[in-house]
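A.B. asks: prediction below, plus the sequence it came from.
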Amino acid sequence: AQTVTQSQPEMSVQEAETVTLSCTYDTSESNYYLFWYKQPPSRQMILVIRQEAYKQQNATENRFSVNFQKAAKSFSLKISDSQLGDTAMYFCAFMKGDNDMRFGAGTRLTVKP
Amino acid sequence: DGGITQSPKYLFRKEGQNVTLSCEQNLNHDAMYWYRQDPGQGLRLIYYSQIVNDFQKGDIAEGYSVSREKKESFPLTVTSAQKNPTAFYLCASSIDLLGPGTDTQYFGPGTRLTVL
């Protein structure tokens, strides 16, 4: 079974600085998809970024980028120029080709003014 | 506006009662999902459906039931057989154009269920 590990239960960062959230996963599959979701206090799950395992290029969405290391099974999220609105729980998720998405336990990020 | 709606936002149930959570989407997505979230944990899959009149169990299907009579709707019933139903429930949907598991899941706002 696939497992997703987020080793940082909580993190904090000063506004305008950069922070990196860690995620590792375990799988024997060669083709799969990785995601970062954000869950603010409203509890709405919002897609932050998506990465296909067959793509070597790291995905980027504005201030959010990933460092995807397939051999190491690592998928970290970098948030640049952190904003107060980035305060949320961040979940790393893994999905192979059968609609079975696995989530990590989450990292609670606090952006401090 | 296109999106996924869940109702109600908060739901209270007495022990021994069945309760149904609503999930509707107008995104024309093929696949729909139900997840459960407990404090300090990630989401766990309860059931999912790729097409109308078909659905599959996830990791924690015991004590839950679903139906998919319409593409837009995927209600979840929490039965009295579910031993610890108090949790936050999230519904999601995805396009599934290229086959199962190929597309991003988008989530509704969730329903908080509390058993009294």
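C.D. replies: Looks like it came in fine. This structure is a prediction, so every number in the text was calculated from the model and none was measured. Numbering: from 1, shown residues only, chains lettered A, B, ... in the order given.
A.B. asks: which residues does B:Met32 contact?
C.D. replies: B:Met32 is in contact with B:23, B:25, B:48-49, B:68, B:74, B:91-93, counting by Cβ atoms under 8 Å, 6 or more residues apart in numbering or on different chains. For glycine as for every other residue, the C-beta is placed from the backbone atoms N, C-alpha and C.
A.B. asks: in a helix, A:Ser42, correct?
C.D. replies: No - per DSSP: H, G, I helix; E, B strand; the rest coil, A:Ser42 lies outside any helix segment and is coil.
A.B. asks: and the residue lying closest to it once chain neighbours are set aside, which of the three is it?
C.D. replies: Nearest non-adjacent residue to A:Ser42, counting by Cβ to Cβ, 6 or more residues apart in numbering or on different chains: B:Pro109, 7.3 Å away. Secondary structure state of B:Pro109, per three-state DSSP, is coil.
A.B. asks: if I look at B:Pro109, how far off is A:Pro40?
C.D. replies: Using Cβ to Cβ, to the nearest Å, one obtains 11 Å as the distance from B:Pro109 to A:Pro40.
A.B. asks: what residue in chain A comes nearest to chain B?
C.D. replies: With Cβ to the nearest Cβ as the measure, A:Phe103 is the residue of chain A nearest to chain B, at 3.2 Å.
A.B. asks: how about that residue: what's its closest non-neighbour residue?
C.D. replies: Excluding the flanking residues, the one nearest A:Phe103 by Cβ to Cβ, 6+ apart is B:Gly42, at 3.2 Å.
A.B. asks: check contacts around that neighbour.
C.D. replies: For B:Gly42, the contact set (Cβ under 8 Å, 6+ apart) comprises A:4, A:91, A:93, A:102-106.
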